[in-house]
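Colleague: A predicted structure for the sequence below; I have some questions about it.
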Protein chains: 4
Amino acid sequence: MALHEEFRQFEIEVGQIVEEMRAFTKEGEIATYIPELRRADAGALACALYTKNGTCVSFGDKDRVFTLQSVSKVVALALAVMDSGEAQVFDKVGMEPTGGPFYSITRLELTRHSKPLNPMINAGALTVTSMIGGRTETEKVERLLRFIRELTGNDTVTYDSAVAESELETADHNRALGFLLKGEGVIGSDIEPLLDVYTKQCALSMRCCDLARIGFIFGHEGRSPKTGEQIVPVPVARMVKTFMVTCGMYNESGELAIKAGIPAKSGVSGAILGSVPDGMGIGIYSPALNEKGNSRAGVELLKRLSRHFSLSIF
Amino acid sequence: MALHEEFRQFEIEVGQIVEEMRAFTKEGEIATYIPELRRADAGALACALYTKNGTCVSFGDKDRVFTLQSVSKVVALALAVMDSGEAQVFDKVGMEPTGGPFYSITRLELTRHSKPLNPMINAGALTVTSMIGGRTETEKVERLLRFIRELTGNDTVTYDSAVAESELETADHNRALGFLLKGEGVIGSDIEPLLDVYTKQCALSMRCCDLARIGFIFGHEGRSPKTGEQIVPVPVARMVKTFMVTCGMYNESGELAIKAGIPAKSGVSGAILGSVPDGMGIGIYSPALNEKGNSRAGVELLKRLSRHFSLSIF
Amino acid sequence: MALHEEFRQFEIEVGQIVEEMRAFTKEGEIATYIPELRRADAGALACALYTKNGTCVSFGDKDRVFTLQSVSKVVALALAVMDSGEAQVFDKVGMEPTGGPFYSITRLELTRHSKPLNPMINAGALTVTSMIGGRTETEKVERLLRFIRELTGNDTVTYDSAVAESELETADHNRALGFLLKGEGVIGSDIEPLLDVYTKQCALSMRCCDLARIGFIFGHEGRSPKTGEQIVPVPVARMVKTFMVTCGMYNESGELAIKAGIPAKSGVSGAILGSVPDGMGIGIYSPALNEKGNSRAGVELLKRLSRHFSLSIF
Amino acid sequence: MALHEEFRQFEIEVGQIVEEMRAFTKEGEIATYIPELRRADAGALACALYTKNGTCVSFGDKDRVFTLQSVSKVVALALAVMDSGEAQVFDKVGMEPTGGPFYSITRLELTRHSKPLNPMINAGALTVTSMIGGRTETEKVERLLRFIRELTGNDTVTYDSAVAESELETADHNRALGFLLKGEGVIGSDIEPLLDVYTKQCALSMRCCDLARIGFIFGHEGRSPKTGEQIVPVPVARMVKTFMVTCGMYNESGELAIKAGIPAKSGVSGAILGSVPDGMGIGIYSPALNEKGNSRAGVELLKRLSRHFSLSIF
């Protein structure tokens, strides 16, 4: 079979899998806590695979534009470590998925930390965002935009102002986290400007192919698929994938590590970023969520792709 | 360079690394809560690598016999899933490294579960052990011995009675966990006989080459390195490695996933089992522990081996 | 109005109040976790008032015999302090209703203690029972029986064997608490014999007039209403009443301190002991419980009696 | 002995007790988290008793002016209940000193609430302050000043601006609590203006005789000692005293209920308000605190006065 035909076959197979997974969208619910997110189409499902030959194949509702929400936490983490250094970042944020000591009592896993547990929980993510380079909020947002455009190779990527504003209005919980962390000396900057940067970061919006390309770069030691240029340092790309496995999918991380074994990060918008080490970059969008807050169809698709193409790292 | 010489070179390199790491034994402390463990030699360091060609090379104090302690949790997990089925086991024990929802408050990560969080914490491990096949405790212990002998390829492996008895005497905390889980309906069997099996399981004792062979089998889809026979089913071998990454090294799991990236499980005896997917099996023993309860020199050795041979899965 | 007529009037008033409160029995549920308790008559309501002139007047289903359950915690506390001394008891058990520091986070009141918070929670009560005088369990139970007979002035009071056995069978949670406390060095004695004493203590059974007399003695500086003999030392009687106010009515203690203001202790059998300083002793029994675990009609009756006779200490 | 002489004798006795307690000031530490409080004189001790005959006798450094800090929580509670009604206030704030269910695990008393536990913890106090009457912050502060002047009978009482400003600068923890409660819908008003009212409330400043008069009014059913006018409704005065007993002295409340038995509320400034039902009003000031955050000498003085004059309510 010629290479061309092999690729056609691959496209047909994935296209079928994606359409089979669409049924799962009916079992999920759209997130409602951010007013703007309520407007999503509950039946939508898009999937993009960024493959080794430098091309992106995409399926389903592939032209939908969506916001990253918590997926942006891994982007911000990479950037903060590049800008402020690993030592500085992990002086303020932990590296552990769990906080409980091994001898802790059965159902009462209890943790006390002087710093946020890890960069994937909101408290940790806020702290991480405070360490993105830039003297002003405007500079920080611009730094973030430059970086996301480099990662996606798409200069039109920006944040969705309506979503950012909508989140800022309902950000009292994150505001509380911010002031707590400031009171504890973990965050040094002012909270309102930080929330402004953070909500814009969460509101970064793109198509599934843009997302898949980010996954590809993290999967390939941080190098640009076109030029081979080092966009993210090797250890940072590796670290990002590690956090994706241990705590990228909320309280479903452990189960998905077993059942898919692909470093992945999800957001309440229904986005999922997948990054196969030395393999494909994956971008999924489907806004109907399961009770853990992950895209219902997206999670099934990730497991199915892993089985179909033997993508598990374990 | 001939294959033979290449292997000699490999042996020399690892031998040097192991001796360099020995200095770290001075920075650790021997566990004292089990009286029998106090008798360990704080300066000891042993390391075995079970390699693809089916041979084990070992270094340092390689003839020391040590008990598995918490390393046995992954062995018992594999066995319980084989005997009782994945569905039954994970109906009683969770799969998640962390229990906190993503929106939880900064330093107070709080979790409540109706079942133990995962099989690597004591509560989960006790529950797992209760699901090893056998109508009586004697049968369960024999089942465990047969399995560990198959994994190590060593029919002389057994449990250390003195350590098992010593642990049983100081097992009030585990006894409390057992009764709590029984009261909650998570554990169905009687607690005292279960504790008897559990302490014998923790007291399984071996040399570093035996341990490395276990790692090799989990790393190679559960197949015997000699016969190719399926000792552990493929999905079980994969699952075990996943738990090793997400919660195998106590509260240092996240950091070691980043810094070594090798599925690994440690015990308070100073044992560390490493299992590189499709690569080496690693057995380390060095009883001086760091403040997280992991072997001080063992952790350094694991990181060093990962860098030296590029073993990270990320 | 002659004294005799006044008393008649008093009896008529209370009798009316008790019958009015009976309607509340329909809003409660009988405790089911101890099999023997399920057999109680959900509509029952009994009330006894032990008054200054040394007589007990009782109302409703006044001849029902019921077990004390958690009401026994105050009896055991008094006895343990008398037998082991205040210093020894409060070296092992705390005095505080709440554990959270004043600056703690809104809804997450988190507490960590090296000893049980107070003698009214099960962990504290088990510890207290371990400090009742006696070299053997038999001696401890006899000591308890002698004390309860002195307090009630009724030599026929004993424990209900069927209830005690029923509790022992379902005592895994208390057994777990016991082993935890033993593991922590808080409880020194063996757990099974302690549970035997504890369940017999909880199963002490009596009529409402017996209970009211206990309340009278605690309310009158520990002195016998007949002989004036000091059955309980003055500071112990005062301490017992204090714990009744701050944590005697489970998670309804604060509300009842405001709405009734009478030192009171309840049990899941539906018993409530009330002790007005320098006033009446109150014994209530009505087994239908509210969602806090307190007797539904009993709580209403306590509030009503407080208002009617101005019994609040505040 | 003539009444006059009796009173002289009383003055001499209390004067001696106060001076004896002064030694305890050396065992405490001044609170440092609010910069302005650091300027206090660590050796100061003042005590005022407002007695039934309508006079205030004071001792020690009786002319010191101090801020109320957490003592103001009981004043604000009375006012909020008067302005917004008991139902409205306790729809938003709990009444319980402790949140843990009676069966909770030994040392891990864990609580989860959808509203602040009680009005004496900061989260509850912020919520209470938000329910003081007034359309604007200015109106609320004026309402508070009118009320405190009525309670003290002293029209010169006001808040200390320097302390209020100092607290506002270091209020990130309270700010975080505020935003959390706003995010949960417990607090409806804006947080910054609320913090402004709250810090002024905490900074209300007075002499010990002013404080003792407040205690006298709460102790005498809310009536003015001069005119008999009802300044605080009877049930509100009673409720305030109840909270003082169950949770007025931070984590020392239980112990002090046993050892003093006087409804009391303390603040980190070193102020203690005591309110004996139908008895004296007590105002104490001594800024050196014990490790629970209560005035070191003040606590000893309270216990001593209780014993000397038999003031315990139990």
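Modeller: Structure's in. What do you need?
Colleague: And the strands in chain A?
Modeller: A:29-30, A:46-50, A:56-60, A:66-67, A:158-159, A:204-206, A:264-266, A:271-275, A:281-285, A:288-289 (DSSP state E).
Colleague: Tabulate the ones you listed in TSV, adding columns for mean neighbour count.
Modeller: (C-beta placed from N, C-alpha, C; glycine too.) Shown next, in TSV, are the strands of chain A (neighbours: other CB atoms under 10 Å in any protein chain shown):
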stretch	mean neighbour count
strand A:29-30	15
strand A:46-50	28
strand A:56-60	21
strand A:66-67	28
strand A:158-159	18
strand A:204-206	25
strand A:264-266	30
strand A:271-275	30
strand A:281-285	29
strand A:288-289	24
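Colleague: So for C:His4, which of those strands sits nearest?
Modeller: strand A:29-30 (72.1 Å; CB to CB).
Colleague: Direction included, what does that closest one pair against?
Modeller: Its sheet considered, strand A:29-30 pairs with strand A:288-289 (antiparallel) by DSSP bridges.
Colleague: so for the partner strand, what's the average pLDDT?
Modeller: Strand A:288-289 comes out with an average pLDDT of 98.
Colleague: can I get the strands of chain A in a markdown table with distance to D:Val245?
Modeller: Formatted as a markdown table, these follow (distance: least, CB to CB, whole Å):
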| stretch | distance to D:Val245 |
| --- | --- |
| strand A:29-30 | 47 |
| strand A:46-50 | 62 |
| strand A:56-60 | 65 |
| strand A:66-67 | 52 |
| strand A:158-159 | 54 |
| strand A:204-206 | 54 |
| strand A:264-266 | 50 |
| strand A:271-275 | 54 |
| strand A:281-285 | 58 |
| strand A:288-289 | 48 |
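Colleague: To C:Val186, which of the ones you listed lies closest?
Modeller: Among the strands of chain A, strand A:264-266 sits nearest to C:Val186 (CB to CB), with 44.3 Å.
Colleague: packing partners for the closest one?
Modeller: For strand A:264-266, the elements it packs on are helix A:234-247, strand A:271-275, helix A:296-309, judged by 3 or more CB pairs under 8 Å, 6 or more residues apart in numbering or on different chains; DSSP states H and E.
Colleague: and chain C, which of those is closest to it?
Modeller: Proximity to chain C (CB to the nearest CB) singles out helix A:234-247 among the helices and strands packed on strand A:264-266, at 20.5 Å.
Colleague: average model confidence for that closest one?
Modeller: For helix A:234-247, the mean pLDDT works out to 96.
Colleague: Give me the spatial nearest neighbour of whatever residue of the stretch 151-300 of chain A ends up closest to chain C, chain neighbours excluded.
Modeller: At 7.6 Å from chain C, A:Leu180 is the closest residue in the stretch 151-300 of chain A, using CB to the nearest CB. The shortest distance from A:Leu180 to any non-neighbouring residue, by CB to CB, 6 or more residues apart in numbering or on different chains, is to D:Ala176 (4.0 Å).
Colleague: Can you get me a residue count around the closest residue to A:Thr158 other than its chain neighbours?
Modeller: Distances taken as CB to CB, 6+ apart place A:Leu145 nearest to A:Thr158, at 6.4 Å, with adjacent residues excluded. Using other CB atoms under 10 Å in any protein chain shown, A:Leu145 has 17 other residues around it.
Colleague: got it, and A:Glu291?
Modeller: The burial count for A:Glu291: 10, using other CB under 10 Å.
Colleague: Could you measure from it over to C:Gly54?
Modeller: 63 Å (CB to CB, to the nearest Å).
Colleague: Within range of chain B, give me the residues from the stretch 151-300 of chain A.
Modeller: Residues of the stretch 151-300 of chain A lying near chain B by CB under 8 Å from any CB of the partner chain: A:173, A:176-177, A:180-181, A:184, A:186, A:238-239, A:241-243, A:245-247, A:250-255, A:257-258, A:261, A:263, A:277, A:293.
Colleague: didn't A:Arg296 look like it was pressed against A:Phe24?
Modeller: Yes: assessed by CB atoms under 8 Å, A:Arg296 is found in contact with A:Phe24 at 5.0 Å.
Colleague: what sits in contact with each of these two?
Modeller: The overlap between the contact sets of A:Arg296 and A:Phe24 (CB atoms under 8 Å, 6 or more residues apart in numbering or on different chains) consists of A:Ala288.
Colleague: Can you give me every residue that contacts the residue nearest to A:Leu180?
Modeller: A:175-180, A:183, C:105.
Colleague: mind listing which of those residues are in helices?
Modeller: A:175-180, A:183 (DSSP state H).
Colleague: Would you mind listing which of these are buried?
Modeller: A:175-180, A:183 (16 or more other CB atoms under 10 Å in any protein chain shown).
Colleague: Out of the strands of chain A, flag the one nearest B:Val268.
Modeller: Across the strands of chain A, closest to B:Val268 is strand A:264-266 (CB to CB), at 32.9 Å.
Colleague: Show me what the mean pLDDT comes to for that closest one.
Modeller: For strand A:264-266, the mean pLDDT works out to 98.
Colleague: hang on, the earlier thing: quick one: closest of the strands of chain A to B:Ser70.
Modeller: strand A:264-266 (28.1 Å).
Colleague: Good, we can wrap up now.
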